[in-house]
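Enquirer: structure here, sequence nowhere to be found:
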């Protein structure tokens, strides 16, 4: 069976071959590749991903586990990933060239967030001038759901913040309202892409409902995800956690909910608290250059940090590796996911694998990832009230802080669950079963 993966980011092994610095995101693709490696000897895998114009059209291959392991082919194509709301019809020609050369039996598209998903969906189903396997050979697995993100993008933001635009926002045409509109356009592309797929994969009741709504003629499959291998390494009982450290993964746009966390800590009389954030710093503006580049949301966070008395207690770590993420999960007193919408955030799974007590918002597919009160603490999200939502989160934070024994018990239960549900061998076997069904075989 010839399998083609279409991904949003370059695979680390291909990045090394091309001399490109990879971005440590979407590690579930890397994790699945590793998990599937033992069975790739029976099949042929190719991976396509967007790159800059200087590498567009390049192809090559790499070996997993050295030259004794399976060989994976890769294809590079150019896409304007800075403006993913804009659909470029030229992408379809790029997808057609890949299909003509590799001639896959199965096409697996990871995520609906970028235009290449729609381009491949169209290319696979249009057989006028090139090889086309047809929509029944196309599987799209959900990551986020653009339609849901567009709806909840501004949740719990004050009206004065929603309407505010900095110099940077004006020049880049990237105010909060414009960002939301861009997600609405991405949702249009998402819908069209799903219409061209015969199969949709997901993991939660949340994404299944969206699959039924957006891809009503497609067959839905449970498609698990694998984390990167470093998160499956043993966690010893003698881990020394800092009970005053809160760790979160990402805060560069509103739906990640950093403003909720900051508001929740207001008035808690917790002078030792520290917030560590994996992701870029959108708040610091000490130089003139940083000041003119700050976004409206960044300015709001900056003001909120000051008004809540959290200056010098918030640290942005930048983009960090999987090993560095592991260390942050191991050191923190609690991991918090305060997002306004998520499907199945891998950061929650990673945190649970590392034994960190988890607090998360009761939104999207999160309740399907861990069970409230037994494996984590979930807080209710009031989309209209920042104060009410922050108070709900505050109660969970104080409960973890005041009852470390209960937090540890939930963390142990969460780890046991995610080890079972995200077992690499089981997930890989499930994905191969989907492929075999799509290909009409039992192999």
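Expert: Great, that's in hand. Nothing here was measured: the structure is a model prediction, and the numbers come from that model. Numbers count the residues shown, from 1 in each chain.
Enquirer: all helices for the stretch 101-250 of the chain, in order.
Expert: Under the criterion DSSP state H, counting those that start in this stretch, the stretch 101-250 of the chain contains helices at 115-125, 146-152, 159-162, 167-172, 176-195, 205-214.
Enquirer: quick one, the longest one and helix 115-125 angle?
Expert: Which is helix 176-195. 20 degrees (axes from the mean of the first three to the mean of the last three CA atoms, to 10 degrees).
Enquirer: returning to what we had before: could you dump the helices of the stretch 101-250 of the chain into CSV and include distance to residue 285, mean pLDDT and mean neighbour count?
Expert: Yep, even glycine has a C-beta here, placed from its N, CA and C like the rest. Below are those laid out as CSV (distance: least, CB to CB, whole Å; pLDDT from 0 to 100; neighbours: other CB atoms under 10 Å):
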stretch, distance to residue 285, mean pLDDT, mean neighbour count
helix 115-125, 32, 95, 25
helix 146-152, 27, 94, 22
helix 159-162, 17, 93, 13
helix 167-172, 10, 94, 14
helix 176-195, 18, 96, 20
helix 205-214, 36, 95, 19
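Enquirer: quick check: which ranges of the stretch 151-300 of the chain have low pLDDT?
Expert: Along the stretch 151-300 of the chain, the model assigns pLDDT under 70 to no residue.
Enquirer: now the strands for it?
Expert: Ranges of strands within the stretch 151-300 of the chain are 199-202, 219-222, 242-249, 274-278, based on DSSP state E, counting those that start in this stretch.
Enquirer: before we move on, back to that, adding distance to residue 305, write the helices of the stretch 101-250 of the chain out as TSV.
Expert: Output for those, formatted as TSV (distance: least, CB to CB, whole Å):
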stretch	distance to residue 305
helix 115-125	36
helix 146-152	23
helix 159-162	14
helix 167-172	19
helix 176-195	18
helix 205-214	31
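Enquirer: out of those, which is closest to residue 254?
Expert: Closest of these to residue 254 is helix 176-195, at 6.7 Å (criterion: CB to CB).
Enquirer: which helices and strands does the closest one pack with?
Expert: Judged by 3 or more CB pairs under 8 Å, 6 or more residues apart in numbering; DSSP states H and E, helix 176-195 is in contact with helix 115-125, helix 146-152, helix 159-162, helix 205-214.
Enquirer: need the ones you listed in CSV (columns: distance to residue 79).
Expert: Shown next, in CSV, are these (distance: least, CB to CB, whole Å):
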stretch, distance to residue 79
helix 115-125, 6
helix 146-152, 16
helix 159-162, 30
helix 205-214, 22
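Enquirer: can you say which of the ones you listed is nearest to residue 140?
Expert: Residue 140 sits nearest to helix 115-125 of all the helices and strands packed on helix 176-195, at 6.6 Å, using CB to CB.
Enquirer: residues in contact with the closest one: which ones?
Expert: By CB atoms under 8 Å, 6 or more residues apart in numbering, the surrounding residues in contact with helix 115-125 are 6, 8, 48, 50, 77, 79, 84, 86-88, 91-92, 94-96, 99, 107, 109, 111, 130, 132-135, 137-138, 140, 189-190, 192-197.
Enquirer: try 6 Å this time
Expert: By CB atoms under 6 Å, 6 or more residues apart in numbering, the surrounding residues in contact with helix 115-125 are 6, 79, 87, 91-92, 95-96, 99, 107, 109, 132-133, 135, 138, 189, 192-193, 196-197.
Enquirer: circling back: please identify which of the helices of the stretch 101-250 of the chain is closest to residue 335.
Expert: Smallest distance to residue 335 across the helices of the stretch 101-250 of the chain (CB to CB): 20.5 Å, for helix 205-214.
Enquirer: what packs against the closest one?
Expert: Counting contacts by 3 or more CB pairs under 6 Å, 6 or more residues apart in numbering; DSSP states H and E, helix 205-214 packs against strand 199-202.
Enquirer: parallel or antiparallel, list what pairs with the strand it packs on.
Expert: Take DSSP bridges as the rule and strand 199-202 pairs in its sheet with strand 138-141 (parallel), strand 219-222 (parallel).
Enquirer: these: which one's closest to residue 282?
Expert: strand 138-141 (29.2 Å).
Enquirer: residue 396 and residue 377 touch, don't they?
Expert: Yes: counting by CB atoms under 6 Å, residue 396 touches residue 377, with 4.2 Å between them.
Enquirer: so which residues of the stretch 251-400 of the chain form helices?
Expert: Using DSSP H, counting those that start in this stretch, helices in the stretch 251-400 of the chain cover 258-265, 288-293, 296-307, 322-331, 346-353, 366-369, 386-402.
Enquirer: which strands or helices does the second one pack on?
Expert: For helix 288-293, not one helix or strand is in contact under the criterion 3+ CB pairs under 6 Å, 6+ apart.
Enquirer: try it again at 8 Å.
Expert: Counting contacts by 3+ CB pairs under 8 Å, 6+ apart, helix 288-293 is packed against helix 167-172.
Enquirer: try the shortest one
Expert: For helix 366-369, the elements it packs on are helix 346-353, judged by 3+ CB pairs under 8 Å, 6+ apart.
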